[in-house]
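Visitor: the following comprises the amino acid sequence and a computationally predicted model.
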Amino acid sequence: LNDNEMSISPPVGALTNYLARLLSGRIYSSARRASEHLLKRVPGVWELARRAEEHVKGMVTPSTLFEEFGFNYIGPIDGHDLDSLIPTLENIKRLKGPQFLHVVTKKGQGYKLAEAEPILYHGTGKFNPSEGIKPAKATKITYTEVFGNWLCDMASVDKRLVGITPAMREGSGMVRFNQEYPDRYFDVGIAEQHSVTFAGGLATEGMKPVVAIYSTFLQRGYDQLIHDVALQNLDVTFALDRAGLVGADGATHAGNYDIAYLRCIPNMVVMAPSDENECRKMLTTAYRHEGPAAVRYPRGAGVGAAIDPALDVREIGKGVVRREGKGVAIRAFGSMVAPSLGAAEGLNATVADLRFVKPLDVDLVHRLARDHDCLVTVEEGCTMGGAGSAVAEALAAEGIVKPLLILGLPDRFIDHGDPAMLLASVGLDAHGIGASIRERFGIGEPRLVVNNN
């Protein structure tokens, strides 16, 4: 419309159409400014339009809220309609000030199977698009399933237990808990900081909160972990899924740093189970412990260990020797116990499952140092400030000087890929561990003895 056409009061239909187009996001800033200029020339109409716009937008969109914060709200628009989305983005680039574009999309849009089951298709491996994802036959229970089953079992015997997740119900194995205990299940959305502080608040009122969270996502709530939980020594259990490398999810989801960032916090207890049964026992240990405690476990299945259904605990701060050997003592943590045992066969080395990163089993560390010539630590986490550093500190505190090799994830981000191949690429499979030990301590390859008789 030009000035001449707007020299008289606009008909009600035109004003209504203007507001409808404005709400749909199809009117851009230039048109909006021109309309404002013209409407202001008509007594009473501009104020009517402004109030009507705010009233209607407040009823159907959150625009009023964002505009109160100083944003120019545009939307909602269909994110799959490129003919509308692209021009909108091009126009927004020319606008001054903060802009808020509300785009609505549908997960799996255009692929009916994904539209029907968006969670199943959230992260996929290879599959035939014409057939969709075929359920794989599980040969081993995953650590996530171990946690989900434990959570329901513990909830059945303790009414104080509440489960908290920051929008990871399926990924953290809480579907069954949500179904069986809906009044004790809390999904706080993608707000990791809030999940930690919320758990601390519940703990102050006598509840027993269990926060199910990926290792990498707890990093977002680190300040809350320190100030809202650990500082007050509150009784909160943290179930850290996806500890270590995560395969296809890559560097953004890898839980490489939780050992280092947790063990430096006062009052924290940090555990690393070596198999499925140990995971269940340590979750119970963390829950029974009156204070903040974390259990870190990897993605996927374990070694196939039989699971004792009893809700028993492990003695806090006590490890166990898995294999007796000579010369070399390997102190392994969590998922690295199994490959360490494999490496030890060719070295005749001792292997200890230390179980606890904090408090460390200092007595076991000292005994192994006394009885062996060479010492090794292995962890699926960063070596800087990790479990190996804890062992080195314990040895230094007692003035024990022995050759020490610390194995773990290198000081770089590790991309996505097959989990076994990734571990092998950084020397954390049985072959790599053995090779690193031989190279570091000058141990030759085991000789093959042939019996000719």
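Guide: That came through fine. What you see is a predicted model, and the numbers here were worked out from it, not measured in a lab. Numbering: from 1, shown residues only.
Visitor: make it CA atoms for all contacts and neighbour counts henceforth
Guide: OK.
Visitor: following the strand or helix carrying Leu341, which helix or strand shows up next?
Guide: Using DSSP states H and E, Leu341 maps to helix 337-345. Next in sequence after helix 337-345, counting helices and strands by DSSP H and E, comes strand 350-353.
Visitor: run through the bridge partners of Phe100.
Guide: Counting by DSSP bridges, Phe100 is bridged to Tyr73.
Visitor: ok, it - contacts?
Guide: Contact analysis of Phe100 by C-alpha atoms under 8 Å, 6 or more residues apart in numbering lists Phe66, Phe71, Asn72, Tyr73, Ile74.
Visitor: wait, which of the residues you listed is closest to Lys126?
Guide: Ile74 (38.3 Å; C-alpha to C-alpha).
Visitor: that closest one contacts His102, doesn't it?
Guide: Yes. The pair Ile74 and His102 passes the contact test of C-alpha atoms under 8 Å, sitting 6.2 Å apart.
Visitor: compare these two and say which is more crowded by neighbours.
Guide: Taking neighbours as other C-alpha atoms under 10 Å, Ile74 and His102 compare with Ile74 leading, 23 against 17.
Visitor: which parts of the stretch 301-450 of the chain are strands?
Guide: 320-323, 328-332, 350-353, 356-358, 374-382, 404-409 (DSSP state E, counting those that start in this stretch).
Visitor: export those to TSV and tack on mean pLDDT and mean neighbour count?
Guide: What follows is those, written out as TSV (pLDDT from 0 to 100; neighbours: other C-alpha atoms under 10 Å):
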stretch	mean pLDDT	mean neighbour count
strand 320-323	98	15
strand 328-332	98	28
strand 350-353	98	25
strand 356-358	98	24
strand 374-382	98	24
strand 404-409	98	22
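Visitor: got JSON lines for those, with distance to Gly444 too?
Guide: Formatted as JSON lines, the strands of the stretch 301-450 of the chain follow (distance: least, C-alpha to C-alpha, whole Å):
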{"stretch": "strand 320-323", "distance to Gly444": "21"}
{"stretch": "strand 328-332", "distance to Gly444": "13"}
{"stretch": "strand 350-353", "distance to Gly444": "17"}
{"stretch": "strand 356-358", "distance to Gly444": "31"}
{"stretch": "strand 374-382", "distance to Gly444": "15"}
{"stretch": "strand 404-409", "distance to Gly444": "17"}
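Visitor: closest one to Lys159 among those?
Guide: Nearest of the strands of the stretch 301-450 of the chain (C-alpha to C-alpha): strand 356-358, 27.7 Å.
Visitor: the helix or strand hosting Pro87: which residues count as buried?
Guide: Element membership of Pro87, judged by DSSP H and E, is helix 82-92. Burial within helix 82-92, assessed by neighbour count using 16 or more other C-alpha atoms under 10 Å, is assigned to Leu85, Thr88, Ile92.
Visitor: ends of stretch 345-353, how far apart?
Guide: 16 Å (C-alpha to C-alpha, to the nearest Å).
Visitor: part of a strand, is Val270?
Guide: Yes. Assignment of Val270 by DSSP: H, G, I helix; E, B strand; the rest coil places it within a strand.
Visitor: now the helix holding Leu341 against strand 328-332, angle please.
Guide: Going by axes from the mean of the first three to the mean of the last three C-alpha atoms, to 10 degrees, helix 337-345 is angled at 170 degrees with respect to strand 328-332.
Visitor: what angle separates helix 337-345 from strand 374-382?
Guide: With the same axes, to 10 degrees defining the directions, helix 337-345 sits at 150 degrees from strand 374-382.
Visitor: neighbouring contacts of helix 337-345?
Guide: Contacts to helix 337-345, defined as C-alpha under 8 Å, 6+ apart, come from residues 274, 303, 322-323, 330, 332, 350-353, 378, 428-431, 433-434.
Visitor: ok, now which ones touch Val146?
Guide: Val146 makes contacts with Glu276, Cys279, Arg280, as judged by C-alpha under 8 Å, 6+ apart.
Visitor: burial of Gln193, as a residue count?
Guide: Gln193: 20 surrounding residues under other C-alpha under 10 Å.
Visitor: for the one 10 residues further on, same thing?
Guide: The burial metric for Ala203, expressed as a neighbour count using other C-alpha under 10 Å, is 22.
Visitor: before we move on, what about Ala167?
Guide: By the criterion of other C-alpha under 10 Å, Ala167 has 18 neighbours.
Visitor: measure the nearest residue to it once chain neighbours are set aside to Met168 for me?
Guide: Counting by C-alpha to C-alpha, 6 or more residues apart in numbering, Gly189 is the residue found nearest to Ala167 once chain neighbours are left out, at 4.5 Å. The gap separating Gly189 from Met168 is 8 Å, by C-alpha to C-alpha.
Visitor: who has more neighbours out of the two?
Guide: Of the pair Gly189 and Met168, Met168 is the one with more neighbours under other C-alpha under 10 Å, namely 18 against 14.
Visitor: quick one, what contacts the more buried one?
Guide: Shown in contact with Met168 (C-alpha under 8 Å, 6+ apart): Asp187, Ile213.
Visitor: so Ile190, which state does it fall into?
Guide: coil.
Visitor: surely it is in contact with Ala167?
Guide: Yes. Counting by C-alpha under 8 Å, Ile190 touches Ala167, with 5.4 Å between them.
Visitor: what about the contacts of Val146, which are in helices?
Guide: Among the contacts of Val146, DSSP state H puts Glu276, Cys279, Arg280 in helices.
Visitor: ok, of these, which one's closest to Asp241?
Guide: Among the ones in helices among the contacts of Val146, Cys279 lies closest to Asp241 (C-alpha to C-alpha), at 11.0 Å.
Visitor: for the nearest residue to that closest one once chain neighbours are set aside, give me phi and psi.
Guide: Once flanking residues are discounted, Cys279 sits nearest to Pro273: 4.9 Å by C-alpha to C-alpha, 6+ apart. The phi/psi pair for Pro273 (degrees, to the nearest 10) reads phi -70, psi 140.
Visitor: please state the offset of stretch 144-162 from the chain centre?
Guide: The chain centre lies 20 Å from the centre of stretch 144-162; the measure is C-alpha atoms, centre = their mean, to the nearest Å.
Visitor: dump the residue contacts of the closest residue to His366 other than its chain neighbours.
Guide: Nearest residue to His366, sequence neighbours excluded (C-alpha to C-alpha, 6+ apart): Leu395, at 7.0 Å. Residues near Leu395 by C-alpha under 8 Å, 6+ apart: Val365, His366, Val401.
Visitor: just the buried subset of those residues, written out for PyMOL, thanks.
Guide: To isolate the buried subset of these in PyMOL, counting by 16+ other C-alpha under 10 Å, use the following:
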select buried, resi 365
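Visitor: can you lay out the contacts of Leu395 as CSV showing distance to Ala420?
Guide: Output for the contacts of Leu395, formatted as CSV (distance: C-alpha to C-alpha, whole Å):
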residue, distance to Ala420
Val365, 29
His366, 32
Val401, 34
